[in-house]
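K.L.:
sequence first, predicted model second:
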Amino acid sequence: MQATHPPGGDDRGAISLIAVFFAVFAIAMLYSLIGTAQAIAFREGLQDHADKAALSSAILHARSMNLIVLINLVMAGLLAILVALKLVEGLAILGIIVAAGLAWITGGSTLAAIPPLKSVRDSVSSLYDSTKDPVYEALTALHDMASTVRDVAPMVAAAAALSNEDANGLHGFAASTRTTEGLPVVDDSFDYLCAKSGGIIDDLWTAPLTNAGVPIDTLGLGDVVEGMTGTLSEWFCGDSSGGPPSYPHTRTKGYPSTADDEECQASEAVSGEGEAAVSDACTRASRYQAAADPDGTTGACRTGEDCSVTGPYETNAARAREQCSPEGTPRPSQYVYQQRHGTVDYEWDGEAWRLLDRRYDTPRLMGTKKHGLPLPCGPKELNPRVAVGYNKIVRQSSDVSELIPVCSTESLPLTLPGHTPRKGDRMTVEFEEVTHILGCVVQIKESVELGSGESGGDGGDEKSPKKMREGIKLGDEIFQIRSFVQRDAGALDASRAVRLALWDRPSPGDPLSALRQFSDVGFAQAEYFYDGKVGEEWMWNMKWRARLVRFHLPDDGNDLAILAGLCAETDTGCDGLLPTLKQLEAVIAH
């Protein structure tokens, strides 16, 4: 049958025209999808390279810091050899002194120990002298090595961060704005290295005790050698910038103290003809103290002694009240005092409470150490047992019975609001008072000079370890590593095909055109940091680590200018992006 056509013409092939346009649209959609996937993969890869560059540079910085820490530890270990030898020599010298000092007690039997001790001292001293120079040479070499690591590490990290990326068409850098400053470490003192060497000796001899459960820190034995070597580095380690060796010493001094007591305590500095005078002073001080000692139960003047105002007991009590004042420096740590309980009657005369009379119980001798009590009087921060305040005046007359207490809890009876007492009402109040301060103990810290003369060296600057710069805090700009990498995004295969849908017309306006300049640039930030406990020394523990952190630009204008200069030296062109990036960094989630 012959085909018929509708009136108005032949419409065969009309769908082909529509198909042509749809095919172009479909191809554009397909390439748009492909282009989107390629763009995502491109950006992911670009960001991975930026992260890798920043993190690898930060890791190299952290490893360099750990290397300097290792050098410090090796230096302390080497110097510990000299410290150990000097410690043995010192013990031998001490043994000789003790043996000589006990000779008069033991009838000279301890003198037999002196020759072998002297032989040990001479042998160890000779070994020290022969070991000193090789150890010093090694310390100097290690010091120079640490200085080289400090100066070179940032530049090596910056050069190595993208050293293998040129083959992938990447250009960029990863560096700190403080690269030229080197790592944030400076030379420490040789005296401190000597103290650290003593700490190694402490760890060695206290390890068995610690493993056995002995409370080293509680007993104050943990840092004995470290304390000595730190202050006596000239003798232990042979080089120091200080003067004559000295050693910190805490001396316990008891009060009250008389002129005879002071003269007797100075006996160690007196010899020859002065010994007789010192002996007389000690005898007088001993006799006076025996007469002034209080009763062991009541704390009162003992029967049979001179108990007048001018007698030893009352004179010593007045002297103790003055010398043991909590206002002194240093403050007394222990007290011996007399305390008594009392009651007092009051009568209301219609306007106020009138004192009638006081009655006292038998006084008691008290001691802060013996009874585990806090300090008896003084400011609130001293934990007073009896009352706040401290009265230095004992009495205002020559009557021995008219005593002004050091402090007391006595106070007027309490009157409740709305309950006014009637005339003639009486009330009894109990109180405690400290009647006498009889003695106290003060811990006096002093420095004992063990020698005289000039310093034994130049301070060991060329043999010193490294320490952190002053004022450095974690998270500072010097710890931050930023990376910028660039790769040509125009080489993406789908980018040209996507434009088919435009039919050769110009691209439409882009509301995010400011971000288009970041299409082929990736950026990231990492930092190196100390991952240890609070209070640990950063340059004596190998706990330096690296991590990626959220990207932000420097707040300091100089650092921002340095970053722009680093950008300008590369092909990334990131120097032109920094102003825009500074405006947008608050919304960048990286």
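P.N.:
Ah, there it is.

K.L.:
how close does the closest residue to K132 other than its chain neighbours get to A76?
P.N.:
Of all residues not flanking K132 in the chain, G238 sits nearest, at 5.7 Å (C-beta to C-beta, 6 or more residues apart in numbering). The C-beta positions use only the backbone N, C-alpha and C, and glycine is treated the same way. Applying C-beta to C-beta, to the nearest Å, the value for G238 to A76 is 15 Å.

K.L.:
would you agree the residue nearest to K132 falls within a strand?
P.N.:
No: secondary structure of G238 (DSSP: H, G, I helix; E, B strand; the rest coil): coil, not part of a strand.

K.L.:
from what I see, it and D133 are in contact.
P.N.:
No: counting by C-beta atoms under 8 Å, G238 sits too far from D133 to count as a contact (10.0 Å).

K.L.:
those two: which has the busier surroundings?
P.N.:
Counted by other C-beta atoms under 10 Å, G238 and D133 do not tie: G238 has more neighbours, with 21 against 10.

K.L.:
pLDDT score assigned to that one?
P.N.:
For G238, the model assigns a pLDDT of 75.

K.L.:
then L548?
P.N.:
L548 is assigned a predicted lDDT (pLDDT) of 92.

K.L.:
got a list of what it touches?
P.N.:
51, 54-55, 524-526 (C-beta atoms under 8 Å, 6 or more residues apart in numbering).

K.L.:
of those, which is the nearest to N541?
P.N.:
Using C-beta to C-beta, A526 comes nearest to N541 of the contacts of L548, at 21.2 Å.

K.L.:
ok so, going back, got CSV for the contacts of L548, with pLDDT, secondary structure and distance to D476 too?
P.N.:
Shown next, in CSV, are those (pLDDT from 0 to 100; DSSP: H, G, I helix; E, B strand; the rest coil; distance: C-beta to C-beta, whole Å):
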residue, pLDDT, secondary structure, distance to D476
D51, 88, helix, 22
A54, 90, helix, 17
L55, 91, helix, 19
A524, 88, strand, 19
Q525, 90, strand, 14
A526, 93, strand, 14
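
K.L.:
what is the longest strand of this structure by residue count?
P.N.:
As assigned by DSSP state E, the longest strand anywhere in the chain is strand 426-449.

K.L.:
which strands and helices sit next to that strand?
P.N.:
Packed against strand 426-449 by the contact rule (3 or more C-beta pairs under 8 Å, 6 or more residues apart in numbering; DSSP states H and E) you find strand 246-255, helix 312-323, strand 334-348, strand 387-388, strand 407-408.

K.L.:
let's have these in CSV, adding mean pLDDT.
P.N.:
Below are those laid out as CSV (pLDDT from 0 to 100):
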stretch, mean pLDDT
strand 246-255, 67
helix 312-323, 92
strand 334-348, 91
strand 387-388, 74
strand 407-408, 88
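
K.L.:
quick one: closest of the ones you listed to Q486.
P.N.:
The nearest among the helices and strands packed on strand 426-449, by C-beta to C-beta, is strand 246-255 at 60.7 Å.

K.L.:
after that closest one, next one along is what?
P.N.:
helix 259-265 (DSSP states H and E).

K.L.:
which residue ranges of the stretch 1-150 of the chain form helices?
P.N.:
Using DSSP state H, counting those that start in this stretch, the helices found in the stretch 1-150 of the chain span residues 14-101, 103-106, 114-160.

K.L.:
what's the most buried one of those?
P.N.:
Mean neighbour count (mean count of other C-beta atoms under 10 Å) peaks for helix 14-101 among the helices of the stretch 1-150 of the chain, with a mean of 17.

K.L.:
what's the angle from it to helix 114-160?
P.N.:
Going by axes from the mean of the first three to the mean of the last three C-alpha atoms, to 10 degrees, helix 14-101 is angled at 170 degrees with respect to helix 114-160.

K.L.:
figure out how far helix 14-101 is from the centre of its chain.
P.N.:
From the chain centre to the centre of helix 14-101 is a distance of 27 Å (C-alpha atoms, centre = their mean, to the nearest Å).

K.L.:
now stretch 342-350
P.N.:
On C-alpha atoms, centre = their mean, the centre of stretch 342-350 falls 57 Å from that of its chain.

K.L.:
cool, and stretch 301-312?
P.N.:
54 Å.

K.L.:
buried stuff in that stretch?
P.N.:
By neighbour count on 16 or more other C-beta atoms under 10 Å, the buried set for stretch 301-312 is 301, 305, 309, 311-312.

K.L.:
and for that stretch, what's in contact with it?
P.N.:
By C-beta under 8 Å, 6+ apart, stretch 301-312 touches 288, 291-295, 313-314, 395, 398-400.

K.L.:
low pLDDT regions in the stretch 351-500 of the chain?
P.N.:
370-371, 379-385, 418, 446-460, 488-500 (pLDDT under 70).

K.L.:
show me where it has helices.
P.N.:
So, for the stretch 351-500 of the chain - with DSSP H, counting those that start in this stretch - the helices run 494-497.

K.L.:
same deal with the stretch 151-300 of the chain?
P.N.:
Assigned by DSSP H, counting those that start in this stretch, the stretch 151-300 of the chain shows helices spanning 190-211, 216-219, 224-231, 233-236, 259-265, 274-292.

K.L.:
any idea which of those scores lowest on pLDDT?
P.N.:
Per-stretch mean pLDDT for the helices of the stretch 151-300 of the chain is lowest at helix 216-219 (a mean of 49).

K.L.:
so what's N391 up against?
P.N.:
N391 neighbours (C-beta under 8 Å, 6+ apart): 321, 404-407.

K.L.:
write the PyMOL selection for whichever of those are buried.
P.N.:
To isolate the buried ones among the contacts of N391 in PyMOL, judged by 16+ other C-beta under 10 Å, type:
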select buried, resi 321+405+406+407
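
K.L.:
from the contacts of N391, which is closest to I481?
P.N.:
Of all those, I481 sits closest to C407, with 63.8 Å by C-beta to C-beta.

K.L.:
which residues pair with the closest one across the strands?
P.N.:
V434 (DSSP bridges).

K.L.:
just checking, it touches Q339?
P.N.:
No: using C-beta under 8 Å, C407 is not in contact with Q339, being 9.9 Å away.

K.L.:
find residues that contact each of the two.
P.N.:
376, 386, 433-434.

K.L.:
what's the closest of these to P465?
P.N.:
Once C-beta to C-beta is applied, the member of these that ends up nearest P465 is P376, at 49.1 Å.

K.L.:
what sits against that closest one?
P.N.:
Neighbouring residues of P376 by C-beta under 8 Å, 6+ apart: 335, 337, 339, 366, 368, 384-386, 406-407, 434, 437.

K.L.:
in ChimeraX, how would I select just the buried ones from those residues?
P.N.:
Selecting only the buried entries of those in ChimeraX, with 16+ other C-beta under 10 Å as the criterion:
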select :335,337,339,366,368,384,385,386,406,407,434,437
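
K.L.:
and for P326, the neighbour number?
P.N.:
Count around P326 with other C-beta under 10 Å applied: 18.

K.L.:
phi, psi for it please.
P.N.:
Dihedral pair for P326: phi -70, psi -10, per degrees, to the nearest 10.

K.L.:
need the contact list for the residue lying closest to it once chain neighbours are set aside.
P.N.:
Residue nearest to P326 in three dimensions, not counting chain neighbours: G378, with 3.6 Å by C-beta to C-beta, 6+ apart. By C-beta under 8 Å, 6+ apart, G378 lies in contact with 326, 384, 388-390.

K.L.:
right, and the pair among the residues you listed with maximum separation?
P.N.:
Greatest spatial distance among those (C-beta to C-beta): P326 and V388, at 10.8 Å.

K.L.:
ok, now which ones touch A546?
P.N.:
Going by C-beta under 8 Å, 6+ apart, A546 touches 55, 58-59, 61-62, 526-529.

K.L.:
got the helices and strands packed on strand 426-449 as a markdown table, with distance to A161 columns?
P.N.:
Listed next are these as a markdown table, based on distance: least, C-beta to C-beta, whole Å:
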| stretch | distance to A161 |
| --- | --- |
| strand 246-255 | 49 |
| helix 312-323 | 69 |
| strand 334-348 | 64 |
| strand 387-388 | 67 |
| strand 407-408 | 72 |
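
K.L.:
buried set for stretch 341-350?
P.N.:
Burial within stretch 341-350, assessed by neighbour count using 16+ other C-beta under 10 Å, is assigned to 342, 344-348.
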